[in-house]
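J.: Sequence and computational prediction follow.
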Amino acid sequence: MEDLLEYLARALVDKPEEVSVESFEEDDGTVVLELHVAEDEAGKVIGRGGRTVAALRTVMKAASVRHGHRVLVDVFD
């Protein structure tokens, strides 16, 4: 699932080599994906009014249903 998020984020930014995803699992089984992008490109991933990051979260939730996990996506610059 980290690969899918990284692939989608790399398509959105101008510096795809600076995109990375870290994941960890919380006590309740929730998988948290931390998306790291270049400092000046967080706005491109978040989008106007948060629409782009909302779409990314929706795609990741749909993909996580197959694995039976709950997924949260956080963006860091």
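T.: Nice, thanks for sending it over.

J.: where along the chain do the strands fall?
T.: Along the chain, counting by DSSP state E, strands occupy 20-25, 31-36, 71-76.

J.: Could you tell me the angle between the first one and strand 71-76?
T.: In this case it means strand 20-25. The directions of strand 20-25 and strand 71-76 differ by 140 degrees, with axes from the mean of the first three to the mean of the last three CA atoms, to 10 degrees as the criterion.

J.: Can you tell me what sits against strand 20-25?
T.: Outside strand 20-25, the residues within contact range by CB atoms under 8 Å, 6 or more residues apart in numbering are 1-2, 5-6, 9, 31-36. All C-beta atoms are positioned from the backbone trio N, CA, C, and that covers glycine.

J.: If we use 10 Å, what do you get?
T.: 1-7, 9, 30-37, 69, 71, 73-74, 76 (CB atoms under 10 Å, 6 or more residues apart in numbering).

J.: circling back to that earlier point, now, of the strands of the chain, which is deepest in the fold?
T.: With neighbours defined as mean count of other CB atoms under 10 Å, the strands of the chain peak in mean count at strand 31-36, which reaches a mean of 18.
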